[in-house]
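**Student:** Need the 3D shape of this:
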Amino acid sequence: MITVSRLLKTKTDSVWTIRKDAMAYEALRVMEDKDIGALLVLDNEGILIGVFSERDYARKVILKGRSSKETPVSELMSEVVYAVSPEHTINDCMSIMTTGRVRHLPVKDNGTLVGIVSIGDVVNAIISAQETTIKDLENYITGGIYAGDNIRAS
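**Tutor:** The predicted model follows:
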């Protein structure tokens with residue numbers, strides 16, 4: 001089974017965060033610049049206190065007629081933070097994401113923030129694992145001979 005640790009090795013080492021008192025506009029600029037869908041929100045001591053996502057922005061700024069340049073991230077972020085450890089599996093992540101109705105999971109190792117896993121990361125890992133399983137089964141069934149191989153019978 002694929003672990004979060006293994007999944008994180010396929011991603012960049014960067015964990016993008018923002019201060020709780022930053023304005024939503026600043027958060028959106030960072031997200032656009034880094035091409036990401038969420039930022040982890042830290043308090044003044046650097047403690048993880050929330051997640052700010054595109055979904056939070058759409059539902060809590062745009063639909064409520066608020067200004068992104070005048071609204072701090074702390075008023076918009078999701079305060080319930082589900083986190084995983086490097087030892088969790090991608091199936092664990094999928095279960096937590098489904099149950100908690102979240103799309104991003106911070107990864108903590110002994111209390112230290114080491115990464116973030118998105119629903120896209122999890123889905124891609126599952127698809128990759130399934131493709132590998134299918135190829136292994138095809139190889140087993142055909143004895144290692146693929147239809148595309150140029151093998152002639154004597």
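
**Student:** and the most centrally placed residue in the chain, what does it touch?
**Tutor:** The chain has residue 118 as the residue nearest its centroid, 1.4 Å off, counting by C-alpha atoms, centre = their mean. Shown in contact with residue 118 (C-beta atoms under 8 Å, 6 or more residues apart in numbering): 37, 38, 103, 104, 105. Where C-beta positions appear, they are placed from N, C-alpha and C, glycine not excepted.

**Student:** Relative to residue 33, how far out is it?
**Tutor:** 17 Å (C-beta to C-beta, to the nearest Å).

**Student:** And the helices in this structure, which stretches?
**Tutor:** Here the chain has its helices, by DSSP state H, at 4-8, 24-34, 54-57, 90-100, 119-142.

**Student:** got the ones you listed as CSV, with mean neighbour count and mean pLDDT columns?
**Tutor:** Output for the helices of the chain, formatted as CSV (neighbours: other C-beta atoms under 10 Å; pLDDT from 0 to 100):
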stretch, mean neighbour count, mean pLDDT
helix 4-8, 19, 94
helix 24-34, 16, 96
helix 54-57, 18, 92
helix 90-100, 16, 96
helix 119-142, 13, 84
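
**Student:** Same list, the ones you listed, but as JSON lines with distance to residue 63 please.
**Tutor:** Output for the helices of the chain, formatted as JSON lines (distance: least, C-beta to C-beta, whole Å):
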{"stretch": "helix 4-8", "distance to residue 63": "33"}
{"stretch": "helix 24-34", "distance to residue 63": "13"}
{"stretch": "helix 54-57", "distance to residue 63": "10"}
{"stretch": "helix 90-100", "distance to residue 63": "22"}
{"stretch": "helix 119-142", "distance to residue 63": "22"}
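
**Student:** so which of those gets nearest residue 18?
**Tutor:** helix 24-34 (5.0 Å; C-beta to C-beta).

**Student:** what's the offset of the closest one from the middle of its chain?
**Tutor:** Remark: helix 24-34 is offset 17 Å from the chain centroid, using C-alpha atoms, centre = their mean, to the nearest Å.

**Student:** Run through the neighbouring helices and strands of that helix.
**Tutor:** strand 17-19, strand 38-42, helix 54-57 (3 or more C-beta pairs under 8 Å, 6 or more residues apart in numbering; DSSP states H and E).
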